[in-house]
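>>> Please find the sequence and the predicted model below.
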Amino acid sequence: MKYYCFITVRSSSSRLKKKCFLDFGNITVLEHIILRCICGGLTPIVCTTKNKCDNKIIKLAKLMKVKFFRGSESNKILRWYLCSNKFKINSFHIVDADDLFFDWDAIKKSLDLLKKSKKDIILPSRISRNGGASEGYSFSKNGIKKLINRFKILKSKDSDIEMIDFYIKRLNSKLFKGCNYQIKNVRLTLDYKEDYLFFKKIREKLGNFSHRNEINFFLKENFKIKKINYFRNKDWSKRQKLLIKKTH
């Protein structure tokens, strides 16, 4: 079984400018994400936009010899759907390019659960969703096709679909319980400069490709590092609530 991951990425980040091209050791953040997928036995497909500013992303994908897809900038659900069609993929996982230390084993387990349960979608664990960023959503092709057919707005490339919660709640879903080494009260997603400093601390100690279990153990033993950016979760949560309200 191939574990396909759609790396959702674009250059036009608002809070931390061009974060996918920030240095992360001897490589960029996006290179790190692609290589971390490969290191963990996942098959990455760079899923970006048709915006000219994302030409650099495509150039990097070609250089690294990984598949890529270009679609709507604002409607990422349609982008994922058309990507799955192009490459004839029946199940895939969403990896956000700002989740630098995603857990490849959790992603594999999520995709395995999707196949076993025959659900439309497997939802990320609560800890992951609350800042842990260990895994995202696992979609079946039939599941995402249901969304496109059910909501007229999702068929338009110009629709602004930042938050997907309103739409996916209509799918036949199951919650991924997470792995037994998960930790709470930690923020492992890249949105602010404090997040970048936090990630650099982990990389300097453990490198780019440590298993998530090792990373979590390090954070347990060095809990003060978590304080670098965890306070930003309040800002992030407030923004998420505003976006959800806007969607409704």
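Looks like it came in fine. Here the structure is a predicted model, which means the values were calculated and not measured.

>>> Contacts for stretch 30-41 next, please.
Residues from elsewhere that reach stretch 30-41, judged by CB atoms under 8 Å, 6 or more residues apart in numbering: 3, 5, 7, 9, 20-21, 24-25, 27, 43-44, 46, 57, 60-61, 64, 66, 95, 97, 100-102, 104-105, 107-108, 208-209. Just so you know, the C-beta spots here come from the backbone N, C-alpha and C atoms, and that holds for glycine as well.

>>> For the protein, which residues score under the pLDDT cut-off?
The model of the chain has pLDDT under 70 over residues 236-248.

>>> where do the helices sit along it?
Along the chain, the segments classed as helices by DSSP state H run 29-39, 55-63, 76-86, 104-117, 126-127, 141-150, 165-168, 193-206, 212-221, 232-247.

>>> I'd like to know which of those is closest to R70.
Closest approach to R70 among the helices of the chain (CB to CB): helix 55-63, 6.9 Å.

>>> what comes up buried for that closest one?
K56, I57, I58, L60, A61 (16 or more other CB atoms under 10 Å).

>>> my read: the third one touches T49, true?
Okay, so that is I58. No - using CB atoms under 8 Å, I58 is not in contact with T49, being 10.0 Å away.

>>> Between these two, which contacts overlap?
With CB under 8 Å, 6+ apart as the test, I58 and T49 both reach R70.

>>> re the thing from before, possible to save the buried residues of helix 55-63 as a markdown table with distance to L197?
Converted to a markdown table, those look like this (distance: CB to CB, whole Å):
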| residue | distance to L197 |
| --- | --- |
| K56 | 24 |
| I57 | 24 |
| I58 | 29 |
| L60 | 24 |
| A61 | 28 |
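
>>> N233: which of those is nearest?
I57 (27.5 Å).

>>> looking at it, the closest one is touching K50, isn't it?
No - with contact defined as CB under 8 Å, I57 does not reach K50; the gap is 11.1 Å.

>>> My understanding was that E194 contacts N229; is that so?
Yes - between E194 and N229 there is a contact at 3.9 Å, judged by CB under 8 Å.

>>> More neighbours: those two, which one.
N229 (25 against 17; other CB atoms under 10 Å).

>>> measure that one to S117 for me?
In this view, N229 and S117 are 34 Å apart by CB to CB, to the nearest Å.

>>> What values do phi and psi take at the residue lying closest to W104 once chain neighbours are set aside?
The shortest distance from W104 to any non-neighbouring residue, by CB to CB, 6 or more residues apart in numbering, is to G40 (2.5 Å). Dihedral pair for G40: phi -90, psi 10, per degrees, to the nearest 10.

>>> now D191
Dihedral angles (degrees, to the nearest 10) for D191: phi -130, psi -30.

>>> Pull the number of nearby residues for the closest residue to it other than its chain neighbours.
Using CB to CB, 6+ apart and skipping the chain neighbours, the partner closest in space to D191 is R15 (5.2 Å). Residues near R15, counting by other CB under 10 Å, number 15.

>>> Same question for N142.
For N142, using other CB under 10 Å, the count is 14.

>>> closest one to K157 among the helices of the chain?
Ranking the helices of the chain by proximity to K157 (CB to CB) places helix 76-86 first, at 6.1 Å.

>>> send the alpha carbons of that closest one over as PDB?
The C-alpha coordinates for helix 76-86 follow below in PDB (Å, rounded to 0.1, in the frame of the first residue of the first chain):
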ATOM      1  CA  LYS A  76      -8.300  23.800  -1.300                       C
ATOM      2  CA  ILE A  77     -11.000  21.100  -1.200                       C
ATOM      3  CA  LEU A  78     -11.400  21.400  -5.000                       C
ATOM      4  CA  ARG A  79      -7.600  21.400  -5.300                       C
ATOM      5  CA  TRP A  80      -7.400  18.100  -3.400                       C
ATOM      6  CA  TYR A  81     -10.200  16.600  -5.300                       C
ATOM      7  CA  LEU A  82      -8.700  17.400  -8.700                       C
ATOM      8  CA  CYS A  83      -5.300  16.300  -7.600                       C
ATOM      9  CA  SER A  84      -6.700  12.900  -6.600                       C
ATOM     10  CA  ASN A  85      -8.400  12.700 -10.000                       C
ATOM     11  CA  LYS A  86      -5.300  13.500 -11.900                       C
END
